[in-house]
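K.L.:
Next one to model:
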Amino acid sequence: MTTVARILGVGAAIPERNVASEDLERQLGLPAGWIERRTGVRRRPVAAPEESTSGLAVRAGERALAEAGVAPGDVVLLLLATSTPDYPLPPTAPFVAHRLGLTHAGAVDVAGACAGFLYAVAMADPYVRAHRAPVLIIGANVLTRRVSPSDPMTAPLFADGAGAVVLGPAGTGRGVIATVLAADGANPREVWVPAGGSRRPLSTEAVAGGEHLMRIDGGRQFYRTAVRAMAKIGREALRCAGLSAADVDWWVPHQASRRLIAEAGRLLGIPEERTVDIVAEHGNSSAASIPTALASAARSDLVRPGHLVLLTAVGSGLLAASVVLEW
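P.N.:
Numbering: from 1, shown residues only. Presented below is the predicted three-dimensional model:
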C-alpha cells in the first residue's frame, strides 16, 4: 500500500497580551487608522517577558500531538521554523524536542524566514513516507523583540506566536499532493538584520545603531515582488498537482498583510471567501503564521476532511514555497 503524508493534528500557542494598532499609532505619532489601512492589522499578540520562542513552540507542539493522538516517543523528526531562536547557538529545536519528550527524534531549526514552515513541510513529506512515522513541524517566533518599537515599517506589522502540525503516514486520501520551493538571492537586503552574522558581528556600535534589529529596505519594490512571487509559486504548485484555482477549497497564505493577501489572491484567481485571513487579530508572525492560520481554520470548522488546501508563502531571501494538500 502506498504511504502518503497527511496532517494528523494541528495546534497553536498565542500570547495572551495584545497590542492594539491605535496604541501603536499614538506611540509612533501616526494618524488614527493608518496601520489598519496599510496592513489590515487591528491588534497583534506580544509575548510576555517570560515567554520565549521555545516556550511557545512547546505549547503549540503539545496541542498538535494531542489532537493527532500521537505519542511523543513515536515522532521521528522535529523541524522548527523560526527566525528568532532562543540563542544564536545552539539551535532551539533540540531543546523543544527535549521538553516535548521526543526521545527518538532528530531535531533541527529551519531558517527560512516567512517561508520556513512550508520549506519544513516539503522536507518532512518524503521523510514521513520513507520512515512511515510522524514528523512534528512547528513555526514559532517572537518577532516583537527583533523590531524597533520606533520603526513604523516593522513595529505595526510583526507579532509573536507559534503553530504546529503533525505530519504522519496514512494509507488513504491524498495527503500532501505537491510541494514547490523557490529562491532568488539577488536582493538579500530588502528585508534583513544587518548585524549579528559573519559579515558584521555584533558590537557596541552595531547595537547602538539598531543594526541588530529587522529592517525593511525594499519598500514598495519588495511588496510588488512578493505579490508576484506568491501568486507564481501558488500557480506552479497547482500545476504540479494537476489542479486549478477553481479546485481549491481553501487558500491559506502567509499572513504578510491584508493588502498583499488580497492582491496575490486576485492574481491567483482565489476569492476572499475561500481565503483564510487572520492577519487582523494576529499580525505577521512569519513562519508561525500559516500553521496558526491552519489551527484557527480547523478550530472554526472551515477546513474539513477531503478539502483541497493551497498553502503559499514568500519571505526574506527571497524565498518562496507552496504546498497543495488534501485535509
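
K.L.:
Can you pull the phi/psi pair for L318?
P.N.:
In this entry, L318 is assigned phi and psi values of phi -90, psi 130 (degrees, to the nearest 10).

K.L.:
now swap in V227 and tell me
P.N.:
The phi/psi pair for V227 (degrees, to the nearest 10) reads phi -60, psi -50.

K.L.:
got a list of what it touches?
P.N.:
Listed by Cβ atoms under 8 Å, 6 or more residues apart in numbering, the contact set of V227 reads L260, E263, A264, L267. Yep, even glycine has a C-beta here, placed from its N, CA and C like the rest.

K.L.:
Out of those, who's the most crowded?
P.N.:
Using other Cβ atoms under 10 Å as the neighbour definition, these reach their maximum at A264, which records 26 neighbours.

K.L.:
what about the residue nearest the centre of the chain, distance to A13?
P.N.:
Relative to the mean C-alpha position of the chain, the nearest C-alpha, by Cα atoms, centre = their mean, is the one of A287, at 2.2 Å. Distance, A287 to A13, by Cβ to Cβ, to the nearest Å: 14 Å.

K.L.:
now the strands for this structure?
P.N.:
Under the criterion DSSP state E, strands of the chain are mapped to 4-13, 18-20, 43-45, 77-81, 106-110, 135-142, 160-170, 176-183, 191-192, 215-216, 250-253, 308-315, 319-326.

K.L.:
In its sheet, which strands sit next to the first one, and in what direction?
P.N.:
Right, the one you point to is strand 4-13. Strand partners for strand 4-13, identified by DSSP bridges, are recorded as strand 160-170 (antiparallel).

K.L.:
Would you map out the domains in the chain?
P.N.:
Under automatic domain parsing, the residue ranges defining each domain of the chain are 4-172, 177-326.

K.L.:
how about those in a markdown table, adding mean pLDDT?
P.N.:
Converted to a markdown table, these look like this (pLDDT from 0 to 100):
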| stretch | mean pLDDT |
| --- | --- |
| domain 4-172 | 97 |
| domain 177-326 | 96 |
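
K.L.:
Could you single out the most deeply buried of those domains?
P.N.:
domain 4-172 (a mean of 21; mean count of other Cβ atoms under 10 Å).
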